[in-house]
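>>> Predicted model and sequence follow; I will ask about them next.
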Amino acid sequence: MATTPAAAPLLIACALGIERLALRGGGRGGADGPVTVLRTGMGPLAADRAINRALAGPALRDAAVLATGFCAGLAPGMHPGDLVVAEETRDARGRTPCVGTDLLVKELVRAVPGRTVHTGPLTGSDHVVRGHERSELLRTGAIAVDMESAATLHGAVRAGARPVAAVRVVVDAPEHELVRIGTVRGGISAFRVLSAVLPAFVEWHRSLLLPRR
């Protein structure tokens, strides 16, 4: 009797414990395949190592990969709690195109109504970006920056062909830097948004499942 191949899993990668906590609080919404939330640790080197280890094992070898968590917005007018859907991620090693951007935007609008969703390039950094660095990165065309997404997606496609995407929640923006007094409220807002987006990730995964090799 023939057996149905197992659905390719979804690997959701985030850097921080608080990000993982938010995602675990969001439920899995009936994913067609298994969903794994991986805490990579902070920074591009940690993200690269963690994604390589995860995808080397048989359970996640064919996984679709989505990088998520918090980010710094680069464009004026961004606010904590806004969402960023990457069209591509960038770092010193090059650019990684993302898959299913339009679908992610549609599902995020449904999951978190009233929140602004920005689309564009998401750039990587090896440190927290402040002040003039923000405007310099904006001039490259990037709309947001974080330390792990580019490394995560680069490592994922290096390990094999698969759908990849990055969705970040703005926690820090030009007019709302975390170093300023009163920005704790912005962090709470970003946490609440991140805790609500998992159903959108599941729908993205459902639409782009890879066949098993």
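Yes, it's here. Numbers count the residues shown, from 1 in each chain.

>>> and the least confident helix or strand in the chain by mean pLDDT, what does it pack onto?
When the helices and strands of the chain are scored by mean pLDDT, DSSP states H and E, helix 184-194 comes last with a mean of 78. Using 3 or more CB pairs under 8 Å, 6 or more residues apart in numbering; DSSP states H and E, the elements in contact with helix 184-194 are helix 17-24, strand 64-73, strand 164-172. Every residue, glycine included, has its C-beta placed from N, CA and C.

>>> Name the residues of that helix that come out as buried.
By neighbour count on 16 or more other CB atoms under 10 Å, the buried set for helix 184-194 is 186, 187, 189, 190, 191, 193, 194.

>>> Tell me how many other residues crowd the closest residue to the second one other than its chain neighbours.
Take residue 187 and drop its neighbours on the chain: the residue closest to it by CB to CB, 6 or more residues apart in numbering is residue 171, 5.7 Å away. A count of neighbours around residue 171, defined by other CB atoms under 10 Å, yields 26.

>>> I'd say residue 143 and residue 72 touch.
No: using CB atoms under 8 Å, residue 143 is not in contact with residue 72; the gap is 10.4 Å.

>>> Looking at the two, which has the bigger crowd around it?
residue 72 (26 against 23).

>>> nearest spatial neighbour of the more buried one, skipping sequence neighbours?
Residue 72 sits nearest to residue 172 (CB to CB, 6+ apart), 4.4 Å away.

>>> Show me what the least confident helix or strand of the chain is in contact with.
18-19, 22-23, 26, 68-70, 79-81, 83, 112, 115, 169-172, 176, 178 (CB atoms under 8 Å, 6 or more residues apart in numbering).

>>> and if we set it to 10 Å?
Residues outside helix 184-194 that contact it (CB atoms under 10 Å, 6 or more residues apart in numbering): 14, 18-23, 25-26, 68-71, 79-83, 108, 111-112, 115, 167-173, 176-178, 180.

>>> contacting residues for residue 93?
So residue 93 contacts 44, 48, 124, 150, 151, 154, 155, 158 (CB under 10 Å, 6+ apart).

>>> same thing but at 7 Å, please
residue 154 (CB atoms under 7 Å, 6 or more residues apart in numbering).

>>> who's in contact with the residue nearest in space to the middle of the chain?
Closest residue to the average C-alpha location of the chain: residue 68 at 2.3 Å, with CA atoms, centre = their mean. Residue 68 sits next to 12, 14, 167, 168 when contact means CB under 7 Å, 6+ apart.

>>> now, among the residues you listed, which is nearest to residue 60?
Nearest to residue 60 among the contacts of residue 68 is residue 12, at 11.2 Å by CB to CB.

>>> Kindly point out the strands partnered with the helix or strand encompassing the closest one and how each is oriented relative to it.
Residue 12 is located in strand 10-14, with elements delineated by DSSP states H and E. In the sheet, strand 10-14 lines up against strand 35-39 (parallel), strand 64-73 (parallel) (DSSP bridges).

>>> chain center to the host helix or strand of residue 201: distance?
Taking DSSP H and E as the criterion, the element that holds residue 201 is helix 198-207. Mean-position distance between helix 198-207 and its chain equals 13 Å (CA atoms, centre = their mean, to the nearest Å).
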